[in-house]
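# Okay, here's the prediction I keep looking at, along with the sequence it came from:
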Amino acid sequence: MTNDQSPPSRPGRRGFLKAGGAAVAAGAGLATSSVTHAALTRTHADDVQRQIEPFYGAHQGGVVTPQQSHSYLAAFDLKTDKREEVIALLREWTQAAARMTQGKPAGSLETADDKPAADSADVLGLGASSLTITFGFGPGLFTSRDGKDRYGLASKRPAALVDLPRFNGDQLIAEKTGGDLFVQACANDAQVAFHAVRQLARMGYGAIQMRWGQAGFLSGPKGQTPRNLMGFKDGTNNPSTAKPPLMNQFVWANAADAPWMQGGTYTVVRRIRITLEHWDQMELGFQEQVFGRHKYSGAPIGQKNEFDAVDLKAVDKDGNPVIPDNSHVRLSNQANNAGAQILRRSYSYNDGTNFYIERWPPWRQETEYDAGLIFIAHQADPRTGFIPINEKLSKFDVMNQFTTHIGSAIFAVPPGAREGSYVGAGLFEA
């Protein structure tokens, strides 16, 4: 027996993986077969994981769709200056989104093992979970860079796609604000929503870069108005999505200067941090005065039921307004905003903790929750919707002592795509 033998060659990583796979294949075969069969046969109509929302149609999903329990929002900056690359990306995104909303992988899984897979495979077997994927275009898509109209779209920028003004009290963080392209994925499974954005981001590698991303959640019994982290119902006064005339009036765009947006909407996203530590120390009665509603029933102060009319003329025995002048409900009410309404479709978020210096008494400096509201509002024109409403709220709403707007963005969300076409085709091909 000699001592100078060369050590056996080290197997390559791929060879090692293949060998490992062969070693366990026999033992796992029956289990894998049974799991796959079970996944394929779970098709009951009441299985929330199997429920599907249509992707193609006159409007994009995720606007008037019944709100799902989870969301993942992301905005991207375009790195490419080539118009054809933007179109190619939108085509690929549209095809992948149509597949994923059906509960399918973003692309075919029949990929050579020496190439990246077409899907990360982390939601295989989970089903569509009512996934909707909504795309939008930020002002940056239409603006010139270094004096050059990057994509030849400057003349097609809708007048309604304005740059949002700086509102009183804004403390916006650049890394959580703006974006050229917007993706909103909503589903009844958090992983399904995140997976959808993850696949789309991967497809754009090299042409786009992530600007910000944000996960959100929604809690509440099905069919009831959800509550935000402050414990109050959020969205009670929304225009009814079941009434097309109201949607045509307040949500769907129809301006003559941008025919490619007909049937689309303008979406405002605001990341609002809530100082929960401060809020939780407030008396119940004071909290209700801040909102202008009873906390548990959701009814306007002085009323019994959530959907009772808000009586802005009611006064107490001393002649003071029952619903305070600086309450959120009074300031945001349609009657105080020239009849304007927006469709709120917001989610709560909880990003752990961080060190903060409070902007209101007692001006504490400590580690606090990084949590709050992802405010999402759809409207036919933000110049008559979100902007004037929020101008008033930012100046007079007593709720401001508990909230800080730290992220902001606006997007033109085009109408839905036809099969064989892609989202935004009316913009690029008109």
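Cool, got the structure.
# Now do the helices in the stretch 1-150 of the chain.
Applying DSSP state H, counting those that start in this stretch to the stretch 1-150 of the chain gives helices spanning 13-41, 83-100.
# Residue 334 contacts residue 237, doesn't it?
Yes. Using C-beta atoms under 8 Å, residue 334 makes contact with residue 237 at a distance of 7.3 Å. The way it works is simple: take the backbone N, C-alpha and C, and place the C-beta from them, glycine included.
# so what sits against both of these two?
Counting by C-beta atoms under 8 Å, 6 or more residues apart in numbering, the contacts common to residue 334 and residue 237 are residue 341.
# shaky segments in this protein?
1-46 (pLDDT under 70).
# Parallel or antiparallel, which strands does the lengthiest strand in it pair with?
In the chain, taking DSSP state E as the definition, the longest strand is strand 365-379. With DSSP bridges as the test, strand 365-379 is paired with strand 265-274 (antiparallel), strand 343-344 (antiparallel), strand 347-357 (antiparallel).
# May I see these arranged in a markdown table, with mean neighbour count as well?
Putting the strands paired with strand 365-379 into a markdown table (neighbours: other C-beta atoms under 10 Å) gives the following:
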| stretch | mean neighbour count |
| --- | --- |
| strand 265-274 | 24 |
| strand 343-344 | 22 |
| strand 347-357 | 15 |
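# between the ones you listed, which one is nearest to residue 247?
For those, distance to residue 247 was read as C-beta to C-beta. The smallest value, 7.9 Å, belongs to strand 343-344.
# How far away from the center of its chain is the closest one?
Chain-centre distance of strand 343-344: 12 Å, with C-alpha atoms, centre = their mean, to the nearest Å.
# Mind listing residues that contact that strand?
By C-beta under 8 Å, 6+ apart, strand 343-344 touches 63-64, 234-235, 238-239, 241, 247, 250-251, 375-379.
# again with stretch 305-314
Residues contacting stretch 305-314 (C-beta under 8 Å, 6+ apart): 225, 233, 236-237, 292, 297-300, 302-303, 321-323, 329-330, 333, 335-336.
# Pull out the buried members of those residues.
225, 233, 236-237, 292, 298-300, 302-303, 321-323, 329-330, 333 (16 or more other C-beta atoms under 10 Å).
# In helices, which of those residues fall?
Judged by DSSP state H, those include 329-330 as members of helices.
# Please identify which pair of the buried ones among the contacts of stretch 305-314 lies farthest apart.
225 and 321 (24.0 Å).
# Tell me which residues of stretch 410-427 come out buried.
Residues 410-417, 422-427 are the ones in stretch 410-427 that count as buried (16+ other C-beta under 10 Å).
# could these be laid out in JSON lines, adding distance to residue 75?
Converted to JSON lines, the buried residues of stretch 410-427 look like this (distance: C-beta to C-beta, whole Å):
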{"residue": "410", "distance to residue 75": "11"}
{"residue": "411", "distance to residue 75": "8"}
{"residue": "412", "distance to residue 75": "13"}
{"residue": "413", "distance to residue 75": "13"}
{"residue": "414", "distance to residue 75": "16"}
{"residue": "415", "distance to residue 75": "20"}
{"residue": "416", "distance to residue 75": "21"}
{"residue": "417", "distance to residue 75": "20"}
{"residue": "422", "distance to residue 75": "19"}
{"residue": "423", "distance to residue 75": "16"}
{"residue": "424", "distance to residue 75": "16"}
{"residue": "425", "distance to residue 75": "21"}
{"residue": "426", "distance to residue 75": "22"}
{"residue": "427", "distance to residue 75": "18"}
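# Any chance of those residues in CSV with distance to residue 54 and secondary structure as columns?
Shown next, in CSV, are the buried residues of stretch 410-427 (distance: C-beta to C-beta, whole Å; DSSP: H, G, I helix; E, B strand; the rest coil):
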residue, distance to residue 54, secondary structure
410, 26, strand
411, 22, strand
412, 22, strand
413, 16, strand
414, 17, coil
415, 14, coil
416, 9, coil
417, 11, coil
422, 16, coil
423, 14, coil
424, 18, coil
425, 18, helix
426, 19, helix
427, 22, helix
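# Sort out which one of these lies nearest residue 168 for me.
For the buried residues of stretch 410-427, the nearest to residue 168 is residue 410 (17.9 Å; C-beta to C-beta).
# and the closest one, what does it touch?
138-139, 161-164, 266-269, 382.
# Confirm residue 191 sits in a helix?
Yes. Applying DSSP: H, G, I helix; E, B strand; the rest coil, one finds residue 191 inside a helix.
# Next, count neighbours for the residue lying closest to it once chain neighbours are set aside.
With C-beta to C-beta, 6 or more residues apart in numbering as the criterion, residue 191 has its nearest non-adjacent residue at 5.7 Å, and that residue is residue 123. Residue neighbour count, defined by other C-beta atoms under 10 Å, stands at 26 for residue 123.
# give the contact list for residue 123.
Neighbours of residue 123 in contact, by C-beta under 8 Å, 6+ apart: 189, 191-192, 195.
# and if you look at residue 295?
With C-beta under 8 Å, 6+ apart, residue 295 has these contacts: 231-232, 284, 287-288.
# Which of those are buried? Put it as a ChimeraX command.
Of the contacts of residue 295, the buried ones can be selected in ChimeraX as follows, counting by 16+ other C-beta under 10 Å:
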select :232,287,288
